[in-house]
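Peer 1: just the structure for this:
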Amino acid sequence: MSVVQSILPLAPGERADYWHDLVSGTFVPLDVRLHEPVPSAGTITSRWLGPLQISVVEAGPQTVDRSTRRIAQGGGEYVTVTLQHRGSARLTQDGRQALVRPGSFTCSDAGRPYLREQPEAFRFTAFRVPKQALGVSDGDLRAATGTLFSGTSGTSALVAGFLHRLAEQAAGLDPYTAHQLALTTTDLLAVLVRERRGRLDPQAPEHVRGMLARVREYVLRHLGDPALCPERIAADHHVSVRYLHKLFRAEGTTVGRWILRERLERCRRELARPAPAAPTVAAVAQRWGFVSPSHFSRAFRAAYGMAPRDWQAAAGLRQAGAAGGGAAGQDLA
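Peer 2: All right, here's what the predicted structure looks like:
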């Protein structure tokens, strides 16, 4: 669920203090200076995917300052990646300054002082990530802060595109997929940070994890396509099929088994939906990329120990029993 907070309903004289509290409460303790005599109607819309917080911010000209005093108040365990959509910005941290335009993005470490200046009305999406989830060293992170990441070329363009799509589609994600994509986000950001430090080795574990994360994200977006196959996945990621199989072999599985498992898990959840909205077994199988109903039934039985129809019927009985128990409880009350 998204949380939308705005200063629009407030009288102009009350907006500055409320906005300061809103920004600090959403991210980390900050000093906020607004640059308009009458503050614009700022809005922050936030959503959480596991440990990842995604916030879209729209407001007028302002400067936020993360001082040592504010650091002492908490929040130093977070990194914020900010993807600019409208307006320019200037981020200063660790003796460097990044001039930000729409389409580019920056990384700031809340454990050290920084200054972000927005001289005009702006809109950006901020991704707040626990540093622990990234698993990068402090030295690697320092190489990325206060620098500009392009949204048009290289690894940073891939990351920018992924972050943009993730923010757009976050509201429609089921909890399992949301958790998986949050993990993908941290893997991609870790690869980007290490690349900026100049420590990216194609054979290093972090590169393997980053590529595997990108492949998984791609597969999850195309699970419903029956034409999804290792050859297509490899071609779209500019790697050989042999290398693709090697990535999954290191995880103790194969490409085909991982795709099958993800498809079956989504089918299992859909078949357990309450009766009024319960889809047919054939419709569920087709939605998640199974061409043959018989193949789907065999695969489902092998994974869960019963036929899809039996699973759906058992789920219906569980739901009916739960509803009956609730009604009985009300009668006794």
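Peer 1: report pLDDT for Gly289.
Peer 2: Confidence at Gly289, expressed as pLDDT, is 94.
Peer 1: Asp17 versus the residue nearest to it when sequence neighbours are not counted, what's the distance?
Peer 2: Closest residue to Gly289 apart from its sequence neighbours, by CB to CB, 6 or more residues apart in numbering: Pro226 at 4.7 Å. All C-beta atoms are positioned from the backbone trio N, CA, C, and that covers glycine. Pro226 sits at a distance of 56 Å from Asp17 (criterion: CB to CB, to the nearest Å).
Peer 1: ok, now Gln169?
Peer 2: From Gln169 to Asp17 the distance is 35 Å (CB to CB).
Peer 1: please enumerate the strands of the stretch 101-250 of the chain.
Peer 2: Remark: strands assigned in the stretch 101-250 of the chain by DSSP state E, counting those that start in this stretch are 105-109, 114-118, 122-130, 148-149.
Peer 1: tell me the angle the second one makes with strand 105-109.
Peer 2: With axes from the mean of the first three to the mean of the last three CA atoms, to 10 degrees applied, the angle from strand 114-118 to strand 105-109 works out at 150 degrees.
Peer 1: and strand 114-118, what's buried?
Peer 2: Within strand 114-118, the residues scored as buried using 16 or more other CB atoms under 10 Å are Tyr114, Leu115, Arg116, Glu117, Gln118.
Peer 1: who does that strand touch, helix- and strand-wise?
Peer 2: strand 62-66, strand 89-93 (3 or more CB pairs under 8 Å, 6 or more residues apart in numbering; DSSP states H and E).
Peer 1: got the angle for that strand vs strand 62-66?
Peer 2: 170 degrees.
Peer 1: so what strands line up beside strand 114-118?
Peer 2: The strands beside strand 114-118 in its sheet (DSSP bridges) come out as strand 62-66 (antiparallel), strand 89-93 (antiparallel).
Peer 1: which one of the strands of the stretch 101-250 of the chain lies closest to Arg287?
Peer 2: Arg287 sits nearest to strand 122-130 of all those, at 29.6 Å, using CB to CB.
Peer 1: by contact count, what packs against that closest one?
Peer 2: Strand 122-130 packs on strand 52-59, strand 78-86, helix 154-169, helix 175-197, going by 3+ CB pairs under 8 Å, 6+ apart.
Peer 1: one step back: closest to Glu58 out of the buried residues of strand 114-118?
Peer 2: Within these, proximity to Glu58 (CB to CB) peaks at Gln118, which comes in at 10.9 Å.
Peer 1: hmm, that closest one is touching Gln62, no?
Peer 2: Yes. Counting by CB atoms under 8 Å, Gln118 does reach Gln62; the two are 5.4 Å apart.
Peer 1: any chance of the helices and strands packed on strand 114-118 in a markdown table, with distance to Leu264, mean neighbour count and mean pLDDT too?
Peer 2: Below are the helices and strands packed on strand 114-118 laid out as a markdown table (distance: least, CB to CB, whole Å; neighbours: other CB atoms under 10 Å; pLDDT from 0 to 100):
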| stretch | distance to Leu264 | mean neighbour count | mean pLDDT |
| --- | --- | --- | --- |
| strand 62-66 | 46 | 21 | 97 |
| strand 89-93 | 45 | 20 | 97 |
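Peer 1: rebuild those strands as a markdown table, extending it with distance to Leu247.
Peer 2: Listed next are the helices and strands packed on strand 114-118 as a markdown table, based on distance: least, CB to CB, whole Å:
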| stretch | distance to Leu247 |
| --- | --- |
| strand 62-66 | 38 |
| strand 89-93 | 34 |
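Peer 1: out of those strands, which comes closest to Gly316?
Peer 2: Per CB to CB, nearest to Gly316 of these: strand 62-66, 52.5 Å.
Peer 1: how much does the closest one deviate in direction from strand 122-130?
Peer 2: Going by the same axes, to 10 degrees, strand 62-66 makes 20 degrees with strand 122-130.
Peer 1: where does the protein dip in pLDDT?
Peer 2: Across the chain, the ranges flagged by pLDDT under 70 are 1, 199-207, 209, 275-278, 319-333.
Peer 1: please enumerate the helices of it.
Peer 2: Using DSSP state H, the helices of the chain run over 12-26, 68-71, 131-134, 138-144, 154-169, 175-197, 205-221, 230-236, 241-249, 255-271, 281-287, 293-304, 308-332.
Peer 1: out of these, nearest to Ala89?
Peer 2: helix 12-26 (14.4 Å).
Peer 1: any buried residues in that closest one, and which?
Peer 2: Those would be Arg15, Ala16, Tyr18, Trp19, His20, Leu22, Val23, Ser24, Thr26, for helix 12-26 by 16+ other CB under 10 Å.
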